[in-house]
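J.: generate a structure from the sequence data that follows.
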Amino acid sequence: MDCFIHAAPLQGLTDYKFRNVFAQLFSGVDYFYAPYIRLSSKKEIKKANLRDINPKHNVGYTLIPQVLTNNSDDFLKVAKYIEETGYKELNWNLGCPYPMVTKKGMGAGMLNNPDAIVNLLERVCSTTNVQLSVKMRLGNELPGNIL
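T.: The predicted structure is shown next:
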C-alpha cells in the first residue's frame, strides 16, 4: 500500500514562503495544498493568490491549488487559470467551518446541500481537464451528517 503525506493549508500562514522553508528543512511531505482561492468582487483571482500559486515560487515540491466557491462559473474560471499555469489538479474546499464562509453556503456550508454539490461537480467535471480532489469534513454539526 502506498502512503502519501498531504499538508493541508492554514489560511494566512502556509503561503509559498512558509512552504519553501518547510520543504527545505523537513522531508516527507508529498503534496502541499495552497490556501483557498476565492474570486474578488470583480470576478478576478486576487493578486495574493496569484503570487502564492505562481509556479516560480513553488519549486521542489508538489503544490495543489485549492478553490472555495459554490458557483460553477467561478470554479471554472479558477480551473482554467490553474490549467493554463501548468497545474494538473485543483482541490475544492468543502471543509472550511468558518461562519463567514458557511453562511454564504461555501466550504462546509455546502455539505447541507448535496444536490448543489452534484450539480457543480457535473458541470465542472464535464468542462475541465484538471483533476479534481475534494477536501471535506464529516459534517457541520455531527460526523454522521456527511452529505
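J.: could you list the low-pLDDT ranges of the chain?
T.: Along the chain, the parts satisfying pLDDT under 70 run over 139-147.
J.: all helices for it, in order.
T.: Using DSSP state H, the helices of the chain run over 16-25, 47-53, 72-85, 99-102, 114-127.
J.: could you list the alpha-carbon positions for the third one in CSV?
T.: As requested, C-alpha coordinates have been extracted for helix 72-85 and formatted as CSV (Å, rounded to 0.1, in the frame of the first residue of the first chain):
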residue,chain,number,x,y,z
SER,A,72,-19.6,26.7,-11.1
ASP,A,73,-18.7,29.7,-13.3
ASP,A,74,-16.2,30.9,-10.6
PHE,A,75,-14.9,27.4,-10.2
LEU,A,76,-14.3,27.0,-13.9
LYS,A,77,-12.6,30.4,-14.1
VAL,A,78,-10.1,29.2,-11.4
ALA,A,79,-9.8,25.8,-13.1
LYS,A,80,-8.9,27.4,-16.4
TYR,A,81,-6.2,29.6,-14.8
ILE,A,82,-4.8,26.6,-12.9
GLU,A,83,-4.6,24.5,-16.1
GLU,A,84,-3.0,27.4,-18.1
THR,A,85,-0.5,27.8,-15.3
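J.: pull the contacting residues for R51.
T.: Contact partners of R51, counting by CB atoms under 8 Å, 6 or more residues apart in numbering, are Y16, H57. (C-beta placed from N, C-alpha, C; glycine too.)
J.: who's the spatially most central residue of the chain bridged to?
T.: The centre of the chain sits closest to Q66, judged by CA atoms, centre = their mean, with a distance of 1.7 Å. Beta-bridge pairing for Q66 (DSSP bridges): Y36, N91.
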